[in-house]
Each structure stands twice: as structure tokens, then as C-alpha cells.
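here is my input; please provide its structure:
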Amino acid sequence: MATEKTQIPQDLHIHTTFSYLDSAIVEEQTPELISFTSHAKIVGISDHFEHFDDKFDLYKKTVEQFGFHVGTEVDGSDYVQDAASLPFEYYIYHCRDFDREYKAIDVLLATGKPVIIPHPMMLDTNLDRIPHECYVELNNRYIWRFDWQKRIEPYKNRFRFVIGSDAHQPNWLNQNVARAVADKIGITETILFDD
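Presented below is the predicted three-dimensional model:
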């Protein structure tokens, strides 16, 4: 007897083998496998920009072939200008606590595309310096390592939040911990794209 599958609403922070320089990626983490799991209604792939920037056309074609949204994870200000020049649908931006990192956010916001700030606790991001137009992400990978109530709850009315998996491996394709944190704090998820 078949059971009805429950899907999470949205997952825009997923890596594939296009992030081949990331040691956490396994060879099974392909777009095909992510499509097969069908774990979320809205799926976006956000591989590390510095890993595939010279293969953008192939990346975009592959991601779109599966009906996924085309994003990228930009690791700091050094890559912002190049990433902003390409037609991504959204950006996940690593913002460490340096002046140049905060200033670079304006370049991404000028594209008119959503800018998501992940791992604010892991990267020591000062959320007081993040423009309110940005989205803050709660994801399974790092949220449980820090005092999320102390670091995130004070900002629950300042930002819109998205929930992600930051999946580098098939068994990471879930958001259980991040969703429990959002529920405990009283954060409502923002859905960025129509399914």
C-alpha cells in the first residue's frame, strides 16, 4: 500500500557535485538524486560559486533541467562582483564580520534578486549590520551548535527568514532541527518562489 509523501515547503540551500572542492560533498549528491528524493515542493541548488564559476552555462542548464531554481553560495566579498554579473535567481552569501563583507551585500542586493544570509552564528555575522532586505537562513547544518535562542530570537521581527538544509549529502536532505528552532522562536518561514 502506497503512503502519501510529505514534502517540506522549500529548500534553497542544497549542494551538488558541482561543489566538488568541498570535502563534505559525496559523489552521490547529484541533481538526479535530489530530484529522485523529491523532499521539498520548491527546490533550489546553490553550489559554491568559486567551484564552478567557469562552468556557469553547464551548471545553469543542469539545474534547470530538473526544474530547480538556480542559485549560488558566494563565499565572501572576493566573489561578489563576478557572481552578481551572472543570472542567478538568488544568492546565499557568507558574510563574515569584516567591513568589506557587509559592503559587498549592496552589490548583490542591486541585482534585485533575493540575498540570503546563512550561518550567522558560525560566521560571526553581526545581524545589526545586515540590511533588512536580506533574508536570514536557519539550516540544519549549524543551528544546533550555538545558542540560537540568544542569537536569533532578538531578530525575529527584523528579518524575513528562510529554512534550508545545507545538504551536501543525501542523508542531509531534511530540515528537522531548523524547523524545530523556528517553531520554538516563533519564526514564520518566507517562501521565495512559487511551486
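
the longest strand anywhere in the chain packs against which elements?
Scanning the chain for the longest strand, with DSSP state E as the assignment, gives strand 40-48. Using 3 or more C-beta pairs under 8 Å, 6 or more residues apart in numbering; DSSP states H and E, the elements in contact with strand 40-48 are strand 8-11, helix 31-37, strand 69-74, strand 90-93. Bear in mind the C-beta positions are built from the backbone N, C-alpha and C, glycine included.

what lines up beside that strand in the sheet?
If you go by DSSP bridges, strand 40-48 pairs up with strand 8-11 (parallel), strand 69-74 (parallel).

related to what we said a few turns ago, of all the helices and strands packed on strand 40-48, which one is nearest Asn176?
The minimum distance between Asn176 and the helices and strands packed on strand 40-48 falls on strand 8-11, with 9.3 Å, by C-beta to C-beta.

residue ranges with poor pLDDT in the protein?
Applying pLDDT under 70 to the chain flags the ranges 1-4, 195.

so what's Asp124 up against?
The contact partners of Asp124, by C-beta atoms under 8 Å, 6 or more residues apart in numbering, come to Arg96, Asp97.

and if you look at Leu123?
Counting by C-beta under 8 Å, 6+ apart, Leu123 makes contact with His94, Cys95, Arg96, Asp97.

contacts for whatever helix or strand comes next after the longest strand of the chain next, please.
Under the assignment DSSP states H and E, the closest C-terminal helix or strand after strand 40-48 is helix 49-52. Contacts to helix 49-52, defined as C-beta under 8 Å, 6+ apart, come from residues 18-22, 58-59, 72-75, 79, 82-83.
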